[in-house]
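*Asks:* Quick one, structure for this:
(2 chains)
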Amino acid sequence: MKISQKRIVTAYVFLAIPLVFYIVVRFYPMIYAFWLSFTNWRLISPKKDFVGFDNFVKLFKDKVFMTSLWNTIKYVAYGIPLVIVLSLFLAATLNKVRHLQWFYRLLYVMPYITPLVAVSWVWRWIYQRPPAGVLNNILMAFGLDAQPFLTSMDQSLPAIVVTTVWVNLGYCIIIYLAGLQTIPQEYLEAAKIDGATSRQSFFKITLPLLNPITVFLVVTQSITFLRIFTQVYNMTDQGSGGPLNATKPLVLYIYQKAFRSFDMGLASSATVILFMLIMGITLIQLLVLNKRVQY
Amino acid sequence: MKRALLLLLVVSVIFAGFAGAVKITYWQYYYETKVKLVDQLIEEFEKQNPGIEVEHVTFPYENFNEKVAVSVPAGVGPDVLTLFYGWIPLYVTSGYLVPLPEAEFSPEYLNSEFFPFVSKGIQFDGIPYALPTAVRSLALFWNKDLFAEAGLDPEVPPTTFAEMVEFAKKLTKYDDKGNIIQEGLTMQPSGQGHQWIREVLVRQLGGTPYSADNRTVLYHMTAPETIKVYTDLITKDKVGYPGFLNDDVTAFRSLKAAMTIDGSFRLGTFRPLENLNWGVTELPSMNGVKSNFASFWAHAITTNATGDKLDASIKFLKFITSEYAQTLWLEQVGELPANPNVAAAYYDHPEFGPFLKGLEYAHATFFVDESGQRQVLMDAVDKVWIQGMDPIKAFEEAAAEDQAIIDEFWSRVE
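*Replies:* Residues are numbered from 1 along each chain as shown, chains lettered A, B, ... in the order given. I've put the predicted structure just below:
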């Protein structure tokens, strides 16, 4: 064997380790879940009979499943515009701050590095009805009525979106800040000399040049919102996604079917649907948003 | 390789011959006081039964069903395992449990050694499968200081439902906008509230929750008013609501709820709180009817245990459910004995007494999907107090959903 061949072999040997790892812990379980979605397996039972598309039919007839599917879409639809616009605005503002910038950055990143379970419980208490909830105490101090927040059909899902946006802001701001710093100053200076207002140079220069960052954030944040679980599990009574399924996302539905009702077949089918939803949305976003901008 | 295998075989044969003991494996989830006590019991059991060796395996509660599911079919699971009684149908229909041998556990034995609700709770299709050491029931906890503050006698808790409502109204405090700042009675269907509704209120209003064969939901037909009786406390009397101060236990322990209905397992939560001056009493009666809900973890023999192991498992099961074991269990773990003879000695105990008396008239619900069936009643209450739905209609919808869960279970079994 030649040296060059040996090198190639050595490289593949090293590559094989992560490859095997991924096959065992990622791909194999994934394919297995696809198989399970066509069976009637119950966690505790040895029986795994092939049932065709029965589980999928059952899912689409299940009102709770449809509600959680719809809720999942709501989480993305409310959450993504909020987190993108807010983080871009804050990053652009922070980019101008010269004094104590590190401090503000730290401030915004704090929620992101705090364990999500702790964050959820703190917000669960912030949203409490009187006499405990801080937010309601503030409202009442201004003479406003106390709000039910997490115990309301209409307010509970937006309340959880707000918490999630608050958490994810820090991450998005850091990414945007990095992006802002890659924009060549010459462009902005040239625009300024040509008499562009700061608003014009933001929308005509900064924003288009930030497009790759925005695409990246929209895609990754959409996936985060599509997989939302921890916040809902910890902020609703007994992790039920209540009241009356008003906040239940798909992942919580899957969890309940799999580990509370032990219906692994049905849970796997719901997982397959979630997988396709994530893949579909991601592909559409990449197609629509990904544009090359050059000056 | 072959030689190594051969050697292993020889060694294991010699070892087995040398030890000559039957080894059985016992599984339970990890709970410190239970693990310690079982270790002690196993030691005594092995002394009394020289030919038997018991291996005690524990694991986190969260992984219980997953662990059993992968082990038992592979033949490496336990011979005796402790499971929640509500899972018995699932385990039996999955083929993991063997019926209790009638020669050893006759109906007479079960009737004389255990409370009546136990023998029903351990059955599947009329055959008993498991036995508990300890059980849990419900009672009414009250805060003596808040009673005194409201001008009520701190030593006299309510004994009837009407009295409880009257007390609760006096004990509830509101701010100037009408928001509750102190609950008279906790209203938490997701806690023990759903059990209280299903097994207590329904029966007190003259109903029966389920048919005798556990296949038909009856509560909405036999006691349609039940949810109304419950939600009136939230919407009409305004003595509390679900989620006040997050949950019932938090509200009561932070002195913001005057009364709460909870299980015997909560004694350990309230006992160490020095600022909480509490008492506990039997659940209030209504229309002269007393009822209670009981639940338990029970030990069952699995299909792994055959031949000598089955005999040893039977002996072990008898031992850990004996009066002796139950007495130790009460003293060291704090759970109620499943045997009325053991319970009798503690009837006047200020903490255990009310729960033990409750056991006499308690019912253990036959759950096919405990969390699903709980959710159904949580939702019914939410529909009334959040959405303003007619309580009777909400109860009917709950019954329909409950029936669907039950039908689905039986359609799988048959």
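
*Asks:* Longest helix in the chain, please.
*Replies:* No chain specified, so I'll use chain A. Ranked by number of residues, the top helix in chain A under DSSP state H is helix A:63-96.

*Asks:* Chain B is the one I meant
*Replies:* Using DSSP H to define each element, chain B has its longest helix at helix B:391-413.

*Asks:* Now do the buried residues in it.
*Replies:* B:391, B:394-399, B:401-403, B:405-406, B:408-409 (16 or more other CB atoms under 10 Å in any protein chain shown). No exception for glycine: its C-beta is placed from N, CA and C like everyone else's.

*Asks:* that older thread, give me the distance between the longest helix of chain A and the centre of its chain.
*Replies:* Centroid separation for helix A:63-96 versus its chain: 8 Å, with CA atoms, centre = their mean, to the nearest Å.

*Asks:* now do stretch A:192-206
*Replies:* 32 Å.

*Asks:* can you check stretch A:118-133 too?
*Replies:* With CA atoms, centre = their mean, you get 22 Å for stretch A:118-133.

*Asks:* Kindly check the end-to-end length of it for me.
*Replies:* For stretch A:118-133, the first-to-last residue distance is 16 Å (CA to CA, to the nearest Å).

*Asks:* possible to save the buried residues of helix B:391-413 as JSON lines with distance to chain A and pLDDT?
*Replies:* Below are the buried residues of helix B:391-413 laid out as JSON lines (distance: CB to the nearest CB, whole Å; pLDDT from 0 to 100):
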{"residue": "B:391", "distance to chain A": "15", "pLDDT": "97"}
{"residue": "B:394", "distance to chain A": "10", "pLDDT": "97"}
{"residue": "B:395", "distance to chain A": "15", "pLDDT": "98"}
{"residue": "B:396", "distance to chain A": "16", "pLDDT": "97"}
{"residue": "B:397", "distance to chain A": "11", "pLDDT": "97"}
{"residue": "B:398", "distance to chain A": "12", "pLDDT": "97"}
{"residue": "B:399", "distance to chain A": "16", "pLDDT": "98"}
{"residue": "B:401", "distance to chain A": "10", "pLDDT": "96"}
{"residue": "B:402", "distance to chain A": "14", "pLDDT": "97"}
{"residue": "B:403", "distance to chain A": "15", "pLDDT": "97"}
{"residue": "B:405", "distance to chain A": "8", "pLDDT": "93"}
{"residue": "B:406", "distance to chain A": "13", "pLDDT": "94"}
{"residue": "B:408", "distance to chain A": "9", "pLDDT": "89"}
{"residue": "B:409", "distance to chain A": "10", "pLDDT": "88"}
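
*Asks:* Strands of chain B, start to end?
*Replies:* Using DSSP state E, the strands of chain B run over B:22-29, B:52-59, B:80-84, B:123-124, B:127-128, B:130-143, B:173-174, B:180-182, B:259-263, B:278-281, B:292-301, B:336-337, B:362-363.

*Asks:* Which of those sits closest to chain A?
*Replies:* Relative to chain A, the nearest member of those by CB to the nearest CB is strand B:180-182, separated by 4.5 Å.

*Asks:* buried set for the closest one?
*Replies:* B:180, B:182.

*Asks:* re the thing from before, helices and strands around the longest helix of chain B, which ones?
*Replies:* Secondary-structure packing of helix B:391-413 (3 or more CB pairs under 8 Å, 6 or more residues apart in numbering or on different chains; DSSP states H and E): helix B:88-93, helix B:219-222, helix B:226-235, helix B:370-385.

*Asks:* which other residues reach that helix?
*Replies:* By CB atoms under 8 Å, 6 or more residues apart in numbering or on different chains, the residues outside helix B:391-413 that reach it are A:40, A:42, B:89, B:93, B:214-217, B:219-221, B:224-228, B:231, B:368-369, B:372-373, B:376-377, B:379-381, B:383-384.

*Asks:* before we move on, the earlier item: looking at the strands of chain B, which is buried most?
*Replies:* strand B:336-337 (a mean of 28; mean count of other CB atoms under 10 Å in any protein chain shown).

*Asks:* Who does that strand pair with, and is each partner parallel or antiparallel?
*Replies:* Each strand paired with strand B:336-337, and its direction, by DSSP bridges: strand B:130-143 (antiparallel).

*Asks:* For the strand it pairs with, C-alpha coordinates in PDB please.
*Replies:* Output of strand B:130-143 as PDB, limited to C-alpha atoms (Å, rounded to 0.1, in the frame of the first residue of the first chain):
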ATOM      1  CA  ALA B 130     -50.900  -8.500  43.000                       C
ATOM      2  CA  LEU B 131     -50.900  -7.600  46.700                       C
ATOM      3  CA  PRO B 132     -50.000  -4.300  48.400                       C
ATOM      4  CA  THR B 133     -48.100  -3.700  51.600                       C
ATOM      5  CA  ALA B 134     -49.300  -0.200  52.000                       C
ATOM      6  CA  VAL B 135     -52.200   1.900  50.700                       C
ATOM      7  CA  ARG B 136     -53.100   5.600  50.400                       C
ATOM      8  CA  SER B 137     -56.400   7.300  50.900                       C
ATOM      9  CA  LEU B 138     -57.800  10.900  51.100                       C
ATOM     10  CA  ALA B 139     -58.700  13.200  53.900                       C
ATOM     11  CA  LEU B 140     -59.400  16.800  54.700                       C
ATOM     12  CA  PHE B 141     -56.500  18.900  56.000                       C
ATOM     13  CA  TRP B 142     -57.300  22.100  57.700                       C
ATOM     14  CA  ASN B 143     -55.200  25.100  59.000                       C
END
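
*Asks:* and it, how far out from the chain's middle?
*Replies:* For strand B:130-143, the distance to the chain centre is 7 Å (CA atoms, centre = their mean).

*Asks:* ok so, going back, is chain B contacted by the longest helix of chain A?
*Replies:* No - figure legend: helix A:63-96 not in contact with chain B (CB under 8 Å from any CB of the partner chain); closest approach 9.3 Å.

*Asks:* Please convert the buried members of the contacts of helix B:391-413 into PyMOL selection syntax.
*Replies:* Of the contacts of helix B:391-413, the buried ones go into a single PyMOL selection, burial set by 16+ other CB under 10 Å:
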select buried, (chain A and resi 40+42) or (chain B and resi 89+93+214+217+219+220+224+225+226+227+228+231+368+369+372+373+376+377+379+380+381+383+384)
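
*Asks:* What parts of the stretch 201-350 of chain B come near chain A?
*Replies:* Listed as neighbours of chain A in the stretch 201-350 of chain B under the rule CB under 8 Å from any CB: B:241-247, B:256.
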